[in-house]
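# predicted model follows, preceded by the sequence.
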Number of protein chains: 2
Amino acid sequence: MGKEKKYCYEYPRPALTTDCIIFGYDFGELKVLLIERAHEPFRASWAFPGGFVNIDETSEEGAVRELYEETGLQNVFIEQLYTFSDVDRDPRGRVISVVYYALVKQSEYKAVAGDDAAKAKWFSINKLPKLAFDHEMIFDVAIKRLKSKIKYQPIGFELLNEKFTLTELQQLYETILGIDLDKRNFRKKILSMDILIKLDEKQTNVAHKAAWFYKFDKEKYDSSSLFTLLTPK
Amino acid sequence: MGKEKKYCYEYPRPALTTDCIIFGYDFGELKVLLIERAHEPFRASWAFPGGFVNIDETSEEGAVRELYEETGLQNVFIEQLYTFSDVDRDPRGRVISVVYYALVKQSEYKAVAGDDAAKAKWFSINKLPKLAFDHEMIFDVAIKRLKSKIKYQPIGFELLNEKFTLTELQQLYETILGIDLDKRNFRKKILSMDILIKLDEKQTNVAHKAAWFYKFDKEKYDSSSLFTLLTPK
DNA sequence: CCAAAAGTGTTCTTTATACACCCATGT
DNA sequence: ACATGGGTGTATAAAGAACACTTTTGG
């Protein structure tokens, strides 16, 4: 009786799913969280977490829910990426997917691995396995968006801890953009934006001069307008 | 028999629609094309052209098809904007819409008014009527996207004729961005990008010095990387 | 000859880039 | 005392912004 087809319409309708590319950052590497699929199609393949959107929730609510169910993650930065609607993108039939991307703070990064419910695993974006469905295409769109977005919106903070050093922030930018940045110029620029708060706290137990911690000043950012970290090329 | 509900599924599915914000440019004004709705809900209200996506077409194909059916427009620049999925955005039930925006060349602008099939009408974006559904919200997203996009991608050309003068191009930018630009600086910048071809042709029958026509060099643009017309603020 | 828009360079200011040494801390 | 990464300033180059007059054309 679980297979009854009791929802009927005058015209055929596609199924609506949502997927989420979850970016994390660890040890100087940009990573994404993948789920090993338990069922056909693409059983045992890796895929971005996602699933069917309920009839009483928005696609974003669905993405947030699936994210929690499959990875245990909550309260992450999430934003709509693109809607994929190729007719043959899913062998089960017509399925369209509203895809989101999320950024996970380092403090929450570990939590995922500890979640026993899901077969979730972080992969460096340079060593991705073969992906299910059209998820390789989706990934390409996501990484491109992240690279371009980070240049003019301070979303980088979402991948670090609440408190971070300027060097950590710089390394994050270098990793995502794949380029080296000059330390003095980077600091000059990011500090001149006036969106960082220098905390009264330094690193401890480091075998070198301890760095000051900073945090992102969300209020100040929201009240200002956009900024640009790098001039677009 | 037209009302038979013969497409049945195990779980409820939202209906999938697509809408299209069509931007045009005329006499120094940025306009959008609206359709007067012939049926409930929102009968006699104005709305962006759109409709249900067929089961064998992508949302973009649906948008292109609806655009043609409702306005006669073909071969326009079109790009996905955002997917709207609020649970109560359509009184008929759960309907999600993958929304696109399109840019129409001036040479095709008139064609629309001549199409007798549709109750289509251009409205200045400063004098929009009340819109159906959540189309006011959709418009806000679209205009914001257009303003930000035009700063770093040469989509402005899609709103002019094949041949245009630099003054026309400048006025277009001024209209969309709502700011005045310096003539000499604008020309210096746009010409230095090397994406315009100066034609061997001038204006005729103008009561002032005739301006040279230019056209957009798509090949050169595609082979280069992004450019920036204005530094983001 | 008048009105209207086209076309054209230079100066100044702001922003970006390149670059090297001393400092604090743990081992 | 040494190895490690933290923190800082200045000079040069490039880009952006401000600004005014001459030219061409039709009426």
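Okay, I see it.
# what stretches of chain A score poorly on pLDDT?
A:1-2, A:111, A:113-118, A:224-233 (pLDDT under 70).
# try it again with 50
The model of chain A has pLDDT under 50 over residues A:114, A:116-117, A:232-233.
# contact residues of it facing chain B?
A:2-16, A:52-53, A:55-60, A:80, A:82-83, A:85-87, A:94, A:96, A:98, A:152, A:225-228, A:231-233 (CB under 8 Å from any CB of the partner chain). Quick note: C-beta positions are derived from backbone N, CA and C, even for glycine.
# show me which of those are buried.
If you count burial by 16 or more other CB atoms under 10 Å in any protein chain shown, the buried members of those come out as A:13-16, A:53, A:58-60, A:80, A:82-83, A:85-87, A:94, A:96, A:98, A:152, A:227.
# give me the subset of these lying in strands.
Those of those mapping onto strands are A:Ala15, A:Leu16, A:Gln80, A:Tyr82, A:Thr83, A:Ile96, A:Val98, per DSSP state E.
# closest to B:Leu160 among the residues you listed?
A:Tyr82 (27.9 Å; CB to CB).
# what are the bridge partners for the closest one, then?
A:Val99 (DSSP bridges).
# and it, how close does it get to A:Glu36?
Applying CB to CB, to the nearest Å, the value for A:Tyr82 to A:Glu36 is 24 Å.
# go on, A:Pro12?
As defined by CB to CB, A:Pro12 lies at a distance of 32 Å from A:Glu36.
# how is chain A divided into domains?
Under the assignment automatic domain parsing, the domains of chain A span A:15-150, A:162-223.
# which of these is buried the deepest?
domain A:15-150 (a mean of 18; mean count of other CB atoms under 10 Å in any protein chain shown).
# would that domain count as contacting DNA strand D?
No. Applying CB under 7 Å from any atom of the strand, one finds domain A:15-150 separated from DNA strand D by no less than 11.0 Å.
# first-to-last residue distance for that domain?
End-to-end distance of domain A:15-150: 33 Å, with CA to CA, to the nearest Å as the criterion.
# stretch A:94-109 now?
With CA to CA, one end of stretch A:94-109 sits 34 Å from the other.
# any idea how far A:Arg187 is from B:Glu40?
60 Å.
# and the nearest residue to A:Pro41 once chain neighbours are set aside, helix, strand or coil?
The shortest distance from A:Pro41 to any non-neighbouring residue, by CB to CB, 6 or more residues apart in numbering or on different chains, is to A:Pro91 (4.8 Å). At A:Pro91 the chain is in coil, as set by DSSP: H, G, I helix; E, B strand; the rest coil.
# A:Pro91 contacts A:Arg43, correct?
No. Taking CB atoms under 8 Å as the definition, A:Pro91 is not a contact partner of A:Arg43, at 11.7 Å.
# which stretches in chain A count as helices?
Secondary structure of chain A (DSSP state H): helices at A:59-71, A:106-114, A:135-150, A:166-177, A:183-192, A:218-223.
# other residues contacting the last one?
Spelled out, that is helix A:218-223. A:Pro154, A:Asp194, A:Ile195 (CB atoms under 8 Å, 6 or more residues apart in numbering or on different chains).
# ok, the longest one next?
Helix A:135-150 is contacted by residues A:19, A:21, A:23, A:32, A:47-48, A:81-82, A:84, A:97, A:99, A:101, A:125, A:128, A:130-131, A:155-156, A:173, A:176-177, A:229 when judged by CB under 8 Å, 6+ apart.
# 7 Å - rerun?
A:19, A:21, A:23, A:47-48, A:81-82, A:84, A:99, A:101, A:125, A:131, A:155-156, A:173, A:176-177 (CB atoms under 7 Å, 6 or more residues apart in numbering or on different chains).
# quick revisit: and which of the ones in strands among the buried ones among the residues of chain A next to chain B is nearest DNA strand D?
A:Tyr82 (28.9 Å; CB to the nearest atom of the strand).
# do you know how far that closest one is from A:Ala142?
Where A:Ala142 is concerned, A:Tyr82 sits at a distance of 8 Å (CB to CB).
# for DNA strand D, what's the nearest residue on chain A?
Taking CB to the nearest atom of the strand, chain A has A:His208 as its residue nearest DNA strand D, at 2.4 Å.
# could you report the separation of that residue from A:Thr165?
12 Å.
# ok, now A:Glu219?
To A:Thr165, A:Glu219 is 22 Å away according to CB to CB.
# same question, A:Ala210
Taken as CB to CB, the span from A:Ala210 to A:Thr165 is 9 Å.
# need the overlap of contacts for these two.
A:Gln203.
# tell me the residues of chain A that contact DNA strand C?
A:182-185, A:188-189, A:202, A:204-210, A:228, A:230-231.
# 6 Å instead, please
When proximity is defined as CB under 6 Å from any atom of the strand, chain A approaches DNA strand C at A:Asp182, A:Lys183, A:Arg184, A:Asn185, A:Lys189, A:Asn205, A:Val206, A:Ala207, A:His208, A:Lys209, A:Ala210, A:Thr231.
# show me which pair in the residues you listed is furthest apart.
The most widely separated members of the residues of chain A next to DNA strand C are A:Asn205 and A:Thr231, with 38.4 Å between them, by CB to CB.
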